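Trainee: Could you work out the structure for the sequence below:
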Amino acid sequence: MFAFNPFVIMEDGTQGAEHGAPYDYDAHVPLILFGPGVRPGIFAADVSPVDLAPTLSGLTGIALPAGCEGRVLSEAIDPF
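Mentor: Below you'll find the predicted structure:
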């Protein structure tokens, strides 16, 4: 196993972004929500990709998918 220095990627110009480096800039991705029912603001809480489905369910009023993991990002949703 090896890891490149920060901000160094091995690429040949045929692919887009690479992910999986052990550095914060590659491991953290912003999640942006907007539209009706979304509370304006910047929220610094840690979230996971599995939080997206429950949050969208909460915004749309649709039942959570079967086997759904994660949580509704209630801090970013206006109460109904």
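
Trainee: Number of residues surrounding residue 73?
Mentor: Using other CB atoms under 10 Å, residue 73 is surrounded by 21 other residues. (Each C-beta comes from the backbone N, C-alpha and C, glycine too.)

Trainee: same thing with residue 36?
Mentor: Neighbour count for residue 36, taken as other CB under 10 Å: 6.

Trainee: what helix or strand is the residue nearest to residue 47 when sequence neighbours are not counted on?
Mentor: In space, and not counting its chain neighbours, residue 47 is closest to residue 31: 5.7 Å by CB to CB, 6 or more residues apart in numbering. Using DSSP states H and E, residue 31 sits in no helix or strand.

Trainee: Let me know whether residue 31 touches residue 50 as I believe.
Mentor: No: assessed by CB atoms under 8 Å, residue 31 is found out of contact with residue 50, at 11.7 Å.

Trainee: In terms of pLDDT, where does the residue nearest to residue 70 when sequence neighbours are not counted sit?
Mentor: Counting by CB to CB, 6+ apart, the nearest residue to residue 70 once its immediate chain neighbours are dropped is residue 50, at 3.5 Å. Looking at residue 50, its pLDDT stands at 89.

Trainee: Correct me if wrong, but residue 50 is in a helix.
Mentor: Yes: counting by DSSP: H, G, I helix; E, B strand; the rest coil, residue 50 is part of a helix.

Trainee: Before I go, just wanted to say thanks for your time.
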